[in-house]
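S.K.: sequence unknown, structure follows:
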């Protein structure tokens, strides 16, 4: 897998973070930023996973992949302080999260995914499928079961 940049909002609980198991892996080319709301981060030219983007394809594999790990509510504020040349790309709307979301304060978008699910789906779309990303993710098997279309790609 080529370089991935993950910007994680500090106020999110590491116990609930689907990416936490990846922090211990030195075999992945991941650049981690742990930020507070308002922290400035420069990322350069990247492919940003964003719901308003055009579909991600293997043609996007040339740029590093940027993933923002925050709540949907905080995403606009996080993005306002991340600077770079963004190619906005989205994942298929047909993907179904296996992560049980139970927010009592706001409504998540219907097509929202856990961060590790989004990262895994991106590797599939980029032609670099890496199921090892799901190791340590409690809902990994359920994610694959709910999204058999991932097996048909590439």
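M.R.: Everything's here; your move. As the structure is a prediction and not an experimental result, all values here were calculated from the model.
S.K.: every contact and neighbour count from this point should use C-alpha atoms.
M.R.: Fine.
S.K.: other residues contacting the longest helix seen in the chain?
M.R.: Scanning the chain for the helix with the most residues, using DSSP state H, yields helix 115-125. Contact with helix 115-125 is made by 1, 17-19, 56-58, 67, 69, 91, 97, 129-131, 133-134, 137, 143, 150, 153-154, as judged by C-alpha atoms under 8 Å, 6 or more residues apart in numbering.
S.K.: heading C-terminal from it, find the next helix or strand.
M.R.: helix 140-146 (DSSP states H and E).
S.K.: in that next one, what's buried?
M.R.: Within helix 140-146, the residues that count as buried by 16 or more other C-alpha atoms under 10 Å are 140, 143, 144.
S.K.: OK, contacts around the second one?
M.R.: It stands for residue 143. Contacts of residue 143 by C-alpha under 8 Å, 6+ apart are 96, 97, 98, 117.
S.K.: who wins for neighbours among those residues?
M.R.: When the contacts of residue 143 are compared by neighbour count (other C-alpha atoms under 10 Å), residue 117 ends up highest, at 25 neighbours.
S.K.: after the one helix or strand in the chain whose mean pLDDT sits lowest, next one along is what?
M.R.: Confidence across the helices and strands of the chain bottoms out at helix 75-79, with a mean of 84, counting by mean pLDDT, DSSP states H and E. Sequence order places strand 82-90 as the next helix or strand after helix 75-79, per DSSP H and E.
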